[in-house]
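Chemist: model the structure of this input:
(chains A and B)
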2 protein chains.
Amino acid sequence: MQLSIFAAVMKRFYFTPGPSQLYFTVEEHIKSALRENIPAISHRSNSFQDIFGSATQLLKQLFSLPSGYHIFFTGSATEIWERSIQNLVEFESCHFVNGAFSRRYAGIAENLNKKTTMINADEGKVVDIESVLIPESCELIAMTQNETSTGASHAVEDVKKIREGFPDQLLSLDVVSCAPYANIDYSMVDMAYLSVQKCFGLPAGLGVWIVNDRCINKSEELLSKGLSIGSYHSLPELMLKAQKNQTPETPNVLGIYLLGKVAEDMLTKGLDMIRRETDYKAAVLYNAFEQSKLLEPFVKEKINRSKTTLVAETSVASSEILDKTVQKGMVIGNGYGPFKGKHIRIANFPTHSKEQIESLADELLKIGDQ
Amino acid sequence: MQLSIFAAVMKRFYFTPGPSQLYFTVEEHIKSALRENIPAISHRSNSFQDIFGSATQLLKQLFSLPSGYHIFFTGSATEIWERSIQNLVEFESCHFVNGAFSRRYAGIAENLNKKTTMINADEGKVVDIESVLIPESCELIAMTQNETSTGASHAVEDVKKIREGFPDQLLSLDVVSCAPYANIDYSMVDMAYLSVQKCFGLPAGLGVWIVNDRCINKSEELLSKGLSIGSYHSLPELMLKAQKNQTPETPNVLGIYLLGKVAEDMLTKGLDMIRRETDYKAAVLYNAFEQSKLLEPFVKEKINRSKTTLVAETSVASSEILDKTVQKGMVIGNGYGPFKGKHIRIANFPTHSKEQIESLADELLKIGDQ
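Modeler: Next up is the predicted model:
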């Protein structure tokens, strides 16, 4: 009883797979933004152009983007699913489906009346790259590097294999819940996308779309055929404004400002360090999953186990584990969709420190021993 | 010289017509949100459902929405232009064009390959409601209550006249830069929309879409014909989630939280008081426009002069006036589009106090006397 009173006043710390705990510098950046009156500035002002230019340059640096790659902002990664189909697919797209989120991308293509081919993996696995057959007529191949719903993750080499096997198709890569941890060679893909409430630890409401010139050309080709590719967020419109460090609409200015600041913080810390820490923390958690009597990693193939969104099957109702961790002020995620009640999901993002992950792992082990 | 050094360290106060100065309570609400860890909560949690339910209820109260009207959230008002055409127009829309923003709505309909009819007013005027001819085949009529680019505003009675004249068409009303000041009877329109960085004084990155059941039905009718009405932000998808106090995508959770808080603050202050103050402050500013040797109200018909976004023609380059007010820490807007350099635009939003508007008016008069 005393414990639960204590928990009620304790500040909760979020290990949920997005939205998740804010990156530890964000609160200070928000205070700076308010001091500088960032939310009041015009999105057509030089001040905004500086913010946009700085954020996109820092992201290009963080992702080591080659030349001919551009960064655009949308309201969400969900929006990028829709915009990418609208701008890049006339008839047909092909989707590697590792779970609920990659399936939803295909669903959005169907909503836009496109023919879709789904190449399905069993839940907890990824599509076997060696054996995929893709229709010649397919214009875009969609891969999900890290499937947030199941914690199944492609080896980064898989992207290269698909690129080499299918040079004519546009290749779209979902890095929503693994960028910038995943060491992707972006020259292997034509577009990629993420949302800021995952590894970047920012308030939700902003999607980041990485796009190369092949994509711009394809969207212009569709437009020249008289097809609609949307309006203010079509690739040509986004490009036209981005060349002036602007956006077509009044965007989430504060979000773009904060994203630039966090990208800078991550560059200062160093991606190598972030990756090493992520690997260490993932090992600590998977070890706890394997040691606990109540848990087992959902993804059986070690190479496909996500380092950023870790999923364990539970031998008791997962709510029992969620309730116990929350009493310690640690909020973890429930299973997604059909796995609600049967899985726990844990975010291992750059904001989650080694000490915090170790405490969580200890707690999971203690719960298993009770 | 001393003055400009002083100005360089002075915190600027924004009278720009959106984004504009934050509503005076927002900074405290952001701090509360950070204390409560709002950006970290899941958009599928009960906590989010409470935030969504509270914000939409308070907005319904603030706008006195009749039953059968729903509130949905998008990334921007620009998005609502696109979504409304996508969901509500099979062939043809009709647009009353009072300036650049109402013209852009028509442009977006054209981007979506719809037939559009534009009924144009001269800049600084509004369409003469008594004389409009609208094709029978038109499915949606778009009116802009307050044109932010020119400061031309319809009398609220004009909406009623159009409703009565065209009961069969869907009527879409842009209240982007006048809600909740404008005393609109929303039962007269089928949809309306705004963005939060105007009168609500919030960080940009959120659009508010008010929609009635006729709109939902129309979108379902288009869908049943096999037409694409978009995907995650189609009206049926938005409705399905809103019934659970949720959104289809991970939304701008912080923005929705803050909007609910400001709506509550406005209800506490009272809309009558906000409207009376707005009228008083608008009178002070228009008086300064008329008294100043350098300024003249751009909108000649007094009944069509916006009370929330006031525009004056300048007899000198408008930058001269902008530079002088900014030296006093007051940022006002330049003319829009072709009127850049020839107009000033001033926001008179609920966050701009009587004292601040009086100071600005004094300053404008002083500049005219120099």
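
Chemist: break chain A into its domains for me.
Modeler: Under the assignment named as automatic domain parsing, the residue ranges that make up the domains of chain A are A:2-23+A:270-369, A:26-268.

Chemist: and the shortest one with chain B, contact?
Modeler: Yes. Applying Cβ under 8 Å from any Cβ of the partner chain, one finds domain A:2-23+A:270-369 in contact with chain B at A:Lys11, A:Arg12, A:Tyr14, A:Thr16, A:Gly18, A:Pro19, A:Ser20, A:Gln21, A:Leu22, A:Val331, A:Gly333. Heads up, the C-betas are built off the backbone N, CA and C, glycines and all.

Chemist: surely the first one is within a strand?
Modeler: No. The assignment for A:Lys11 (DSSP: H, G, I helix; E, B strand; the rest coil) gives coil, which keeps it out of a strand.

Chemist: quick one on the thing from earlier: now, among the residues of domain A:2-23+A:270-369 next to chain B, which is nearest to chain B?
Modeler: Distances from chain B to those, taken as Cβ to the nearest Cβ, are shortest for A:Tyr14 (4.0 Å).

Chemist: which stretch in the domains of chain A has the least confidence?
Modeler: Set side by side, the domains of chain A give their lowest mean pLDDT on domain A:2-23+A:270-369, at a mean of 93.

Chemist: which ones among the residues of domain A:2-23+A:270-369 next to chain B map onto strands?
Modeler: Using DSSP state E, the members of those that fall in strands are A:Tyr14, A:Val331, A:Gly333.

Chemist: tell me, how many residues neighbour the last one?
Modeler: Applying other Cβ atoms under 10 Å in any protein chain shown, we find 25 other residues in the vicinity of A:Gly333.

Chemist: would you mind measuring from the residue nearest to it when sequence neighbours are not counted to A:Glu277?
Modeler: Here the nearest residue to A:Gly333 in space, its sequence neighbours aside, is A:Arg345; by Cβ to Cβ, 6 or more residues apart in numbering or on different chains that works out to 3.7 Å. Applying Cβ to Cβ, to the nearest Å, the value for A:Arg345 to A:Glu277 is 20 Å.

Chemist: on that earlier part again, which one of the residues of domain A:2-23+A:270-369 next to chain B sits in the busiest neighbourhood?
Modeler: Counting by other Cβ under 10 Å, A:Ser20 has the largest number of neighbours within the residues of domain A:2-23+A:270-369 next to chain B, with 31 neighbours.

Chemist: that one is in contact with A:Asn348, isn't it?
Modeler: No. Under the criterion of Cβ atoms under 8 Å, A:Ser20 makes no contact with A:Asn348, lying 9.7 Å away.

Chemist: got the phi/psi numbers for the residue nearest to A:Tyr23 when sequence neighbours are not counted?
Modeler: Nearest residue to A:Tyr23, sequence neighbours excluded (Cβ to Cβ, 6+ apart): A:Gly201, at 3.0 Å. The phi and psi values for A:Gly201, taken as degrees, to the nearest 10, are phi 60, psi 40.

Chemist: who are the contact partners of A:Gly201?
Modeler: Taking Cβ atoms under 8 Å, 6 or more residues apart in numbering or on different chains as the criterion, A:Gly201 is in contact with A:Ser20, A:Gln21, A:Leu22, A:Tyr23, A:Phe24, A:Val26, A:Val262, A:Phe349, A:Pro350, A:Thr351.

Chemist: of these - the most surrounded one?
Modeler: Among the contacts of A:Gly201, A:Ser20 has more neighbours than the rest - 31 neighbours, counting by other Cβ under 10 Å.

Chemist: how about the contacts made by that one?
Modeler: Residues counted as contacts of A:Ser20 (Cβ under 8 Å, 6+ apart) are A:Tyr14, A:Gln197, A:Lys198, A:Gly201, A:Ala347, A:Phe349, A:Thr351, A:His352, B:Ala40.
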